Every structure is written in C-alpha cells, then in structure tokens.
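Engineer: Have a look; sequence and predicted model below, questions after that.
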Amino acid sequence: MVEGNILVIDDELVICEFLRDLLEDRGWTVNFALSGQEGIKAFQAGGCDVVICDLKISDMDGIDVIHEIKRVDPDSVVIIITGYPSFETVQASLREGAYDYITKPVNINEISFVIKRAVAFRDLTLTNRKLTKELEQQNIKLEKKVKERTEELSILYSVGLDILSTLKLDEVLQIIVDRVCAVLELEICSVLLVDKEPGSLKIRFVRGLENEIKNTKIKFGEPISGWVAEHKEPVLVADIETDLRFRKRNQEKYYTHSFISVPLVIRGEVIGVINVNNKRSRLPFTENDFRFIRGIANEAAIAVENAQLYASLEDTYLRTVMALASAIDAKDHYTKTHSEHVTKFATAMAREMGLCEKEIKEIEQACQLHDLGKIGIQDSILNKPGQLTPEEWDEIKLHSLKSAEILRPLSFLGGVIELVEQHHERYDGKGYPFGIKGENIKVGARIIAVADSFDAMTTDRPYRRAFTDEEAIKELKNCSGTQFDPKVVEAFLKVLEKTDMLNTLHQA
Ligand SMILES: [Fe+2]
C-alpha cells in the first residue's frame, strides 16, 4: 500500500539508499536528490508529500533548501535530518518552516513515526486550506446573494412606495406596469383585473402591445392569465411551446418563449393578474425575476384594492350629491329637465371643440351639479312668479358659490368644482361671482354658460314664455363676444347644424 511520496535530499548516496529501502518497505514511494539544487528541482516537479532534507549538503545550506521549498509551497512538510544537532541549527530550521527534525543515525521507528505524523499534518493542513477556500467562496457567494437580495428588496420597497402613492386606479396600474418594465427591462407587461362579469378578467393596462387589446376579456381557466387566476398560482414558464399546462403556440409578438404570470390576491381572492413578456436582452426569465414579480404582485394587489375601494367611495359620494341635485331640479316644474339638457348641449360642444375625455367628463359632472347651491336659497325667491328685487338677485347670485362650497370637501371632483363656481361668469367680465373674463374663465365654464343660458331661454318661466329655438339662437349670436365666448357659440351652432339634438329634446 502506498502511504505517500517522499523526497530525500542528502549528498550521501548511502543515506539516500538506506532511507529509500527502509521507507519503501513500509509502503512509501521514495525519490532522492544528491544535492540541494537537484532536490529543489525535484520538489518543483511536484507530487511530493514529505521532504527529508539533510542540514549539511555539499552545494548549499539545508536552511536555504527549506527556505526555497517553502517559497514554492508554503504547505510543504519538511523534516530535517542531521548528524550534528545543535539548538541553534534546529531553531533556525524550525523558524524557516521545518516541521520536525530527526538525528542520525536514523532510528527506523522514530523516522516512521515522524513521517506518518508529518503526512497527517500535511493532510490536515491541505484539508484546512481547502475548507478555508471553500468557506471563502461560500462567503463571496453569500455576500453576492445578500447584496442582490438587498438591492432587490430596496427596488421592491421603492416600487411598492410608488404603487401606493396614489389612489387613482388608472395611475396605480400605469405605475405597476412602468416600474416593472423599467426594473426587468421588458417590452411587454400587462395588468388584468377581475371583471364585473363573474369568472372573467379584463386587460386594464398594457405596455408593448397594441392598445386595442385593452378591455379584452379572458375567462377563468383559459390560458394563461385565466389559468393563473383560477389556480391562484404564479407561473414562470421557460418555454411556452413545451409547457404541458398550456400547450400554447407562441405568438409572433412574443419573441421569447418565456414569460411570468402572477395572480393579484387579496384575502384569498384573486382580483387580477400581472403578465410579463419579452426582456430586451432576449433572455428567458429567471427565478430572481419571478421572485421580484411575486413581491410586486403583493404590493399591487393592496394598491389595486385600495384604489377600487376609494373609487367606490367616490362613486357613492357622487351619486349622493347627484341625487341631491336631481331633487332640486325635480322640485321645480319648469326646470326639471334643466341639468339633463345642459349636460347634452355642453358635452356636445366640448366634443366639437376637441376637448379631451377627462375635460368632457368634468363638464358632464359640473352640468349635473352646477345649480346644487340653489338648495340654500329660499323657495319664495326661486319660484317667485314676478320680477326679482335687486336683493333677491343678490341672493340668487350666491348659488354658484354655494354649489362649489357644498362640493369642495369632495376633492376627487378636482376641476369640476371650478367649473361649477364659474358657470355664471361672462366672457366680458360682467358675470358673477368673481367678474373674471375671457380666457381666465375655464373653457368648461364658458361652455356650460352657453348651454345653461340656451336651456333657460327656451324654457317657460312663471314670469315669461319660453323663447323659440330660433329666438334663443339669435340671442346667443347677439351676445357672442360679450356674454359668451364666440368660439363656444360657434361650436354650439355647429352642433345644432350637425345634429338633430333640439328636436330630440323637444320630443322627450
Ligand atoms: Fe346657475
């Protein structure tokens, strides 16, 4: 049995051969060198477990040989052999890194024992070295992992803060999609929410695909979002074409076959799904990406639910004040359809003028709420059959401010409140309550003013008969540039030209 490789460095051949015979009988493999230089070369060639080196060699000092060997391999085990042991030489050799020393004449038991101990020591040193290296590598890996996770959590935290920074559902969805796209460097991301129709999802926000797919419905169970919603299970798919759960052919727009789909779950109920596709790098998604999206989905689910609850609360408030406004209209026989007519005229004008959907929505709500403040005006004044006194007019004129005051706590109404407040301002600055003029009056308020006046003129009042449509149109034209914004009057005339709106309203 081979115990190990031993290199003997001694300039006495007889000693070398003696040691070789002795040690090979005990299972060691022995090479020898008859000079220091030859010994160093043999050691450099490798494969040596233990070096036995004479302290007195003809070509160099044994201490220098130890020094060189230790320089080549600091873990090498060198045993000094000397016929003239002295405290100083032994101390010097140990200081250079010699493991032990034996004296000549050699005692076979002693040398066997020292070599075995030396080999065991070397094995221990090497094992220790290996373990230390492994530990260092593990530490490096661990540090890298901790760093990655810390960065991941920091991004997750920051994205979470962003997602929760608004209560508007559309904004929440946009932030989710945009931040996920930015962090994972994606081209496609979408959020689907559970639809009113039970058991189906609707695409509510998407980046990277045609906008027309927004509002597309997917039934629970259908691949892939529907499957994820039904199973309440996030999926990371490496290759869609080979995944047995879906067996779906990849579409052209998905140039990678890999994707992630994660459900948005609140208290065990699925409220939506996030899908991500197409990394810009063209690489498949990783477990890290999967973990990140799952983390985002937790935050997103909370934010979406908050936004939905808030929207429902807004809706309830809005319905309440709308009901109040309708009650005011209904109280007055002459004006019961007033808000409805004003809304139709004003939204049609806003469209004609090319206003955006958000502005049109605000105008629509303002029309329904504009005279809400009349609730605070005495019926005796509101329904007075004759002419109003100047004091009574002053009272009436307060209604736009009162409307705005009632609505002010409903901050979600935003620009609607200003439109309500300004609906009796005149283009020439002679209106109320502020007397502002021209473009200083919100365009929505200038539109409502025309619609409001036209409907008032064409409605019977206790103290006068209604104008005909023609008379009212003439009056609008007369007052264009003074009471009314000419652009708005022009838009109204175009609406009347293009539509059958007046006949429709008269027949209703
Ligand atoms: Fe009014």
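Structural biologist: Received, thanks. On a predicted model such as this, the values are computed, not experimentally measured, just so you know.
Engineer: so who does residue 289 touch?
Structural biologist: Residues in contact with residue 289 (CB atoms under 8 Å, 6 or more residues apart in numbering) are 184, 236, 260, 276. No exception for glycine: its C-beta is placed from N, CA and C like everyone else's.
Engineer: Neighbour-wise, which one of the residues you listed leads?
Structural biologist: residue 276 (27 neighbours; other CB atoms under 10 Å).
Engineer: can you give me the offset of the helix ranked longest in the chain from its chain's centre?
Structural biologist: Longest helix in the chain by number of residues (criterion: DSSP state H): helix 108-163. How far helix 108-163 lies from its chain's middle: 35 Å, per CA atoms, centre = their mean, to the nearest Å.
Engineer: In this structure residue 148 contacts residue 291, no?
Structural biologist: No. Counting by CB atoms under 8 Å, residue 148 stays clear of residue 291, with 10.4 Å between them.
Engineer: so where's the stretch 151-300 of the chain uncertain?
Structural biologist: Within the stretch 151-300 of the chain, the segments meeting pLDDT under 70 span 211-212, 244-256.
Engineer: meant to ask about the stretch 351-500 of the chain, not that
Structural biologist: The stretch 351-500 of the chain contains no residues with pLDDT under 70.
Engineer: Residue 5 belongs to a strand, doesn't it?
Structural biologist: Yes. Applying DSSP: H, G, I helix; E, B strand; the rest coil, one finds residue 5 inside a strand.
Engineer: From what I see, it and residue 29 are in contact.
Structural biologist: Yes. Counting by CB under 8 Å, residue 29 is a contact partner of residue 5 at 4.8 Å.
Engineer: picking that back up, tell me the two of the contacts of residue 289 that are most distant?
Structural biologist: 184 and 236 (12.4 Å; CB to CB).
Engineer: any shared contact partners between these two?
Structural biologist: Common contacts of residue 184 and residue 236 (CB under 8 Å, 6+ apart): 285, 289.
Engineer: circling back to that earlier point, which one of the contacts of residue 289 is nearest residue 159?
Structural biologist: Among the contacts of residue 289, residue 184 lies closest to residue 159 (CB to CB), at 10.8 Å.
Engineer: okay, the contacts of residue 289 in JSON lines with distance to residue 39 next?
Structural biologist: Shown next, in JSON lines, are these (distance: CB to CB, whole Å):
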{"residue": "184", "distance to residue 39": "61"}
{"residue": "236", "distance to residue 39": "60"}
{"residue": "260", "distance to residue 39": "64"}
{"residue": "276", "distance to residue 39": "66"}
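Engineer: CSV for those residues, including distance to residue 434 and secondary structure?
Structural biologist: Shown next, in CSV, are those (distance: CB to CB, whole Å; DSSP: H, G, I helix; E, B strand; the rest coil):
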residue, distance to residue 434, secondary structure
184, 51, helix
236, 60, strand
260, 55, strand
276, 51, strand
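Engineer: from the residues you listed, which single one is nearest residue 229?
Structural biologist: Nearest to residue 229 among these: residue 260, at 14.5 Å, using CB to CB.
Engineer: Residue 7 bridge partners, please.
Structural biologist: Per DSSP bridges, residues listed as beta-bridge partners of residue 7: residue 31, residue 51.
Engineer: So for residue 148 and residue 291, which sits in the more crowded spot?
Structural biologist: Applying other CB under 10 Å to residue 148 and residue 291 shows that residue 291 carries more neighbours, namely 15 against 11.
Engineer: Give me the phi and psi for residue 34.
Structural biologist: In terms of degrees, to the nearest 10, the main-chain angles of residue 34 are phi -100, psi 10.
Engineer: Please shift the residue numbers so they start at 9 in all later answers.
Structural biologist: Sure, I'll start counting at 9 from here, so that last one is residue 42.
Engineer: neighbours around it, how many?
Structural biologist: 17.
Engineer: For it, which residues are in contact?
Structural biologist: 18, 19, 21, 24.
Engineer: repeat that with 6 Å
Structural biologist: Residues near residue 42 by CB atoms under 6 Å, 6 or more residues apart in numbering: residue 19.
Engineer: Does the nearest residue to residue 212 once chain neighbours are set aside belong to a helix, a strand or coil?
Structural biologist: Once flanking residues are discounted, residue 212 sits nearest to residue 201: 4.8 Å by CB to CB, 6 or more residues apart in numbering. Put simply, residue 201 is strand when judged by three-state DSSP.
Engineer: Find me the pLDDT at residue 357, would you?
Structural biologist: Predicted confidence (pLDDT) at residue 357: the value is 97.
Engineer: From what I see, it and residue 498 are in contact.
Structural biologist: No. Using CB atoms under 6 Å, residue 357 is not in contact with residue 498; the gap is 9.5 Å.
Engineer: Who has more neighbours out of these two?
Structural biologist: Set residue 357 next to residue 498 and count neighbours by other CB under 10 Å: residue 357 wins out with 29 against 16.
Engineer: and the helix or strand encompassing the more buried one, what other elements does it pack with?
Structural biologist: For residue 357, the enclosing helix or strand under DSSP states H and E is helix 346-360. When contacts are defined as 3 or more CB pairs under 6 Å, 6 or more residues apart in numbering; DSSP states H and E, helix 346-360 packs onto helix 365-377, helix 451-465, helix 494-506.
Engineer: TSV for the ones you listed, including distance to residue 329?
Structural biologist: Shown next, in TSV, are the helices and strands packed on helix 346-360 (distance: least, CB to CB, whole Å):
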stretch	distance to residue 329
helix 365-377	6
helix 451-465	17
helix 494-506	26
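Engineer: hey, which of these is tucked in deepest?
Structural biologist: Of all those, helix 451-465 has the most neighbours on average by mean count of other CB atoms under 10 Å, namely a mean of 24.
Engineer: Quick check: the gap between residue 99 and residue 158.
Structural biologist: 52 Å (CB to CB, to the nearest Å).
Engineer: same check, this time on residue 189
Structural biologist: Remark: distance between residue 189 and residue 158 (CB to CB) = 22 Å.
Engineer: For the two, indicate the residue with more neighbours.
Structural biologist: Using other CB under 10 Å as the criterion, residue 189 and residue 158 rank with residue 189 on top: 18 against 10.
Engineer: Run through the neighbouring helices and strands of whichever helix or strand the more buried one is part of.
Structural biologist: Using DSSP H and E, residue 189 sits in helix 177-192. Packing contacts for helix 177-192, counted by 3+ CB pairs under 6 Å, 6+ apart, involve helix 116-171, strand 194-202, strand 208-215, helix 295-339.
Engineer: Looking at the contacts of residue 297, which one is closest to residue 468?
Structural biologist: Among the contacts of residue 297, and counting by CB to CB, the member closest to residue 468 is residue 284, at 61.9 Å.
Engineer: Write down the beta-bridge partners of the closest one, one by one.
Structural biologist: Beta bridges link residue 284 to residue 197, residue 268 when assigned by DSSP bridges.
Engineer: In contact with it, which residues?
Structural biologist: 194, 197, 268.
Engineer: neighbouring contacts of stretch 311-329?
Structural biologist: For stretch 311-329, the surrounding residues in contact (CB under 6 Å, 6+ apart) are 171, 172, 175, 177, 180, 274, 418, 420.
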